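**Q** the sequence isn't on hand, but the structure is:
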């Protein structure tokens, strides 16, 4: 696995942003440059192409955060090239010759095969660089300009943090101590008269589907924050509950999405339409031109959005007509899982934020609430009485599990964040609680008894389930989790 310290063995390092660098690219390059400088290694920060940095927020960023970036037309005799926020060989970056090339990016891997790391699930390249620097114990407090740059890079690439989805993006957002005055100055120098005109022109023409209540808008090329600005305005239109705004980039289309209806979480819709993510009401994504196969982008978005609305069923746990008794009966396997008593982490009545790959959820620390940690790192609260009836606590040591993201819990008052696995104990299911379950043949959204205002989303192939002793306790179990944790109940169970 690539580490930033791997770069220290190379000479003559040049860090290159894509042409027309945005805040995320500048922040990423500046942070790598600062990391190298902290180890006594000088590196140039450059970009190529015909355009120069002129946007007011970017010129303010360079000035306020003391960033020196060069525009170059050639790069003779480069030994080591570190490409950030793009990929060497793509159309949005001048291809300078170098003896060794590293790529650090958060976009879809285009398969050029260079050393480095590409993590396309992240909201910004700034998050990737922040995580790499954190692994090296970089002292962000000693480099406030770097911390502010990375925060602002993610801020701009995720529509003012409204489209943050990955837990690492959220960790950056929550952990960095940044210069708020600088952020405000850059943020409120972000819109030119020309961009205001772009927003007006985009709002003047749209595709509206009155049956499903969504609207699609196309904007001219502009900064990604302008898409969010247009989306927020469009969502206020009568009888429009879902908005999609897009514009063209060299290799695809950037999308900003909004939802104000209960049945559509923008983050889940973005994942369906454009492999993106975000929050309940605001999200974003990207559609590669290769995926269109020559189709018109507006027609593609319209067809896919219509397909989305027709692709799922709704189930309200408090008021459904499913006869679960007709479904097969299952019992949890006697395999070790882990749990944490919430008051062993924080004092009673402390509001907690639980962070996992599946998203953030809220809970209140209480002697009556335990937090279960499943095999895949999923976390869910369980009442102490139900826990005692369902699980036996063991004295065995916790097995090591390689989660993609180890779940954490955060004190919402103090901001303190704790890894759940560090405080967990093992337990084994008694096999006394059965469920009715059936494999989904269609995507399904379940409004659960414990969260009637949000839904669990299940894809075809996942399972819908309910406890045999409470058929209003309805929920979704992902297929890979179901296969690992449940087995058919024997007759009489």
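**A** Looks like it came in fine. Note that the structure is predicted; figures quoted are calculated from it, not measured. Numbering: from 1, shown residues only.
**Q** across the sheet, point out what pairs with residue 278.
**A** Counting by DSSP bridges, residue 278 is bridged to residue 283.
**Q** what about it, distance to residue 245?
**A** 13 Å (C-beta to C-beta, to the nearest Å). Placement of C-beta: from N, CA and C, glycine included.
**Q** find residues that contact each of those two.
**A** residue 257 (C-beta atoms under 8 Å, 6 or more residues apart in numbering).
**Q** OK, contacts around residue 329?
**A** Contacts for residue 329 were tallied using C-beta under 8 Å, 6+ apart; they are 434, 435, 436, 468, 488, 489, 493.
**Q** farthest pair within the residues you listed?
**A** 468 and 488 (13.4 Å; C-beta to C-beta).
**Q** and the two? Which one has more around it.
**A** Taking other C-beta atoms under 10 Å, residue 468 and residue 488 do not tie; residue 468 has more neighbours (19 against 11).
**Q** any idea how far residue 475 is from that one?
**A** 14 Å.
**Q** which stretches of the stretch 351-493 of the chain form strands?
**A** 351-356, 359-364, 369-373, 379-383, 391-393, 408-411, 417-419, 425-429, 434-439, 443-448, 451-458, 463-467, 470-477, 486-488 (DSSP state E, counting those that start in this stretch).
**Q** end to end on stretch 156-168, go ahead and measure it.
**A** In stretch 156-168, first residue to last residue: 16 Å (C-alpha to C-alpha, to the nearest Å).
**Q** which residues are contacting that stretch?
**A** So stretch 156-168 is contacted by 22-24, 57, 121-127, 130-131, 154-155, 169-170, 173, 187, 223-225, 227-228, 256, 267, 270, 276-279, 281-284, 355-357, 405, 408 (C-beta under 8 Å, 6+ apart).
**Q** for stretch 265-279, buried residues please.
**A** Judged by neighbour count using 16 or more other C-beta atoms under 10 Å, the buried positions of stretch 265-279 are 265-274, 276-279.
**Q** ok, residues contacting that stretch?
**A** 123, 158-159, 162-166, 242, 244, 255, 257-259, 280-287, 301, 304-305, 308, 311, 359, 454-455, 457.
**Q** mind redoing it with 6 Å?
**A** 163, 165, 255, 257, 259, 280-287, 304, 308, 457 (C-beta atoms under 6 Å, 6 or more residues apart in numbering).
**Q** among the buried residues of stretch 265-279, which are in helices?
**A** Mapping these onto helices (DSSP state H) picks out 266, 267, 268, 269, 270, 271, 272, 273, 274.
**Q** what about residue 53, neighbour count?
**A** When neighbours are counted by other C-beta under 10 Å, residue 53 comes out with 16.
**Q** show me where the stretch 151-300 of the chain has its helices.
**A** With helices called from DSSP state H, counting those that start in this stretch, the stretch 151-300 of the chain shows them at 167-175, 180-187, 193-204, 224-234, 266-274, 289-292, 297-309.
**Q** how about the nearest residue to residue 99, chain neighbours excluded?
**A** Of all residues not flanking residue 99 in the chain, residue 79 sits nearest, at 4.9 Å (C-beta to C-beta, 6 or more residues apart in numbering).
**Q** got TSV for the buried residues of stretch 265-279, with distance to residue 349 and pLDDT too?
**A** Formatted as TSV, the buried residues of stretch 265-279 follow (distance: C-beta to C-beta, whole Å; pLDDT from 0 to 100):
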residue	distance to residue 349	pLDDT
265	29	88
266	31	89
267	29	82
268	31	88
269	35	92
270	35	90
271	34	86
272	38	91
273	40	93
274	40	89
276	36	75
277	31	73
278	30	71
279	26	72
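**Q** domains for this structure, by residue range?
**A** Partitioning the chain according to automatic domain parsing yields domains covering residues 4-187, 193-310, 311-334+431-493, 342-422.
**Q** return the member of those domains having the minimum mean pLDDT.
**A** Within these, the stretch with the lowest mean pLDDT is domain 342-422, showing a mean of 84.
**Q** how far does that domain stretch from start to finish?
**A** Note: domain 342-422 ends 13 Å apart using C-alpha to C-alpha.
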